[in-house]
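S.K.: Next input, structure requested:
(one chain, ligands or ions: 2)
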Amino acid sequence: MIEGKKVLTGVKPTGTPHLGNYLGAIRPAIAMGEKAARHIMFIADYHAINAEKDPAVLNQKIKEVACSYLAGGLDPKKSIFYRQSDIVEIPEITTILYAYTPKGLMNKSHAYKAQVDKNREAGKPDDDGINMGLYTYPTLMAADILSFDTEVVPVGRDQVQHVEIARDIAGAINAHYGRDLLVLPEFYIDENVAVVPGVDGRKMSKSYGNVIPLFADDAAIKKAIFSIKTDSRPMEEPKDPEEILVYQIYKSIASPAELQEMGDGLRQGKLGYGHIKNMLLDRVLKEISQAREKYNYYMAHFNEVEEMLAEGAAKARPLAQQTLKRLKDAVFGR
Ligand code: ADP
Ligand code: TRP
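M.R.: Ligands and ions are numbered 1, 2, ... in the order given. Modelled structure (predicted):
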């Protein structure tokens, strides 16, 4: 599905990444870069301004996400790595796509509908706090994808609809001009990527405040892991590992042999909650300690990251320019 394809991954700068982001988004995206014929990885900063209006906060989030991916092993020589706002062709292409984006398609977009639902629950008018950036979000995302002749877009389930919208818009343009001006993208869901539970058992998410931090110091990571919910059953009581939250989180990071060891210990009443929390802590630290060093380095030397992003933009722009030219030639009959 990915092998030999032109793959594009977009990431919104949403705040300090946690273990769920790392296992569910960062690590799989980097693995993509190894397999794809061409991998583009970009920071969707224009998407972020719909919600984040404070430049200092936004800039910090962009830095954190850029450094997280580099720390996780993203190789800017293998993946084209840039900031969306450095590719001025993307907003131009978006403008052309607007002319082929039915308003009804935007009405149906999940991102917009979710905000309307929230407003209704709060007894506010439907459009309260909704700007045109949020409303037309899927068209900009379509431009992100279509500008680079992307074949495959790896996404979480919540983003499938957006890729389908990109495909619909591309299909409408190709049909109108009677030729393949744009490549029709497909979404890809990696079934091996699990949703990591947080310390309270709900999905790990910044918005729930239940995260295991990623690039914090050992003490902060330990504190989060030792706050994972358990019950008061004694160690000797045999337990079904699937009912134990620490084990559930361990599942997303441990090797099959490591998982077996924890599972057997729980089933046989040989491992207590303190033991298994320490096992999880060791495993998390083993996984991230190298990445954490790199993260701290890049955060402190962000000028080096700026250079990488500039090089990435220099590689990406000529590709988007070709798409823009193809579209303008068709649209204006040149
Ligand atoms: P949050 O829920 O903390 O705000 P985001 O919505 O910013 O996280 O998610 C960024 C990326 O990380 C997305 O690709 C999302 O699918 C992934 N992700 C977020 N939380 C988890 C989780 N608990 N398990 C696996 N992947 C996750
Ligand atoms: N909408 C995506 C998200 O919220 C981020 C994104 C923007 C994206 N443009 C993209 C993802 C293009 C894939 C392709 O996570």
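S.K.: C-alpha only now, for contacts and for neighbours.
M.R.: Will do.
S.K.: worst-scoring helix or strand of this structure, pLDDT-wise?
M.R.: helix 27-35 (a mean of 87; mean pLDDT, DSSP states H and E).
S.K.: what about the longest helix along the chain and ligand 2, touching?
M.R.: Taking DSSP state H as the criterion, the chain has its longest helix at helix 302-331. No - judged by Cα under 6 Å from any ligand atom, helix 302-331 stays clear of ligand 2, getting no closer than 13.9 Å.
S.K.: Buried residues, that helix. List them.
M.R.: Judged by neighbour count (16 or more other Cα atoms under 10 Å), helix 302-331 contains these buried residues: 305, 308-314, 316-317, 320-321, 323-324, 327.
S.K.: for stretch 9-18, same thing?
M.R.: Thr9, Gly10, Val11, Pro13, Thr14, Thr16, Pro17, His18.
S.K.: Let me know the closest of those to ligand 2.
M.R.: Nearest to ligand 2 out of the buried residues of stretch 9-18 is Gly10 (Cα to the nearest ligand atom; 3.7 Å).
S.K.: contacting residues around the closest one?
M.R.: When contacts are counted by Cα atoms under 8 Å, 6 or more residues apart in numbering, Gly10 touches Met41, Phe42, Ile43, Ala44.
S.K.: Could you verify that it is part of a strand?
M.R.: Yes - membership of Gly10 in a strand is supported by DSSP: H, G, I helix; E, B strand; the rest coil.
S.K.: which ones are touching Glu64?
M.R.: By Cα under 8 Å, 6+ apart, the contact set of Glu64 is Pro13, Gly15, Thr16, Pro17, Met299.
S.K.: need these in JSON lines with pLDDT, can you?
M.R.: Output for those, formatted as JSON lines (pLDDT from 0 to 100):
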{"residue": "Pro13", "pLDDT": "95"}
{"residue": "Gly15", "pLDDT": "86"}
{"residue": "Thr16", "pLDDT": "87"}
{"residue": "Pro17", "pLDDT": "91"}
{"residue": "Met299", "pLDDT": "97"}
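S.K.: ok, Asp75 to Met41 distance?
M.R.: 10 Å (Cα to Cα, to the nearest Å).
S.K.: Those two - which one has more neighbours?
M.R.: Met41 (24 against 16; other Cα atoms under 10 Å).
S.K.: and the longest helix of the chain, what's its mean pLDDT?
M.R.: Throughout helix 302-331, pLDDT has a mean value of 98.
S.K.: same check, this time on stretch 282-296
M.R.: For stretch 282-296, mean pLDDT is 95.
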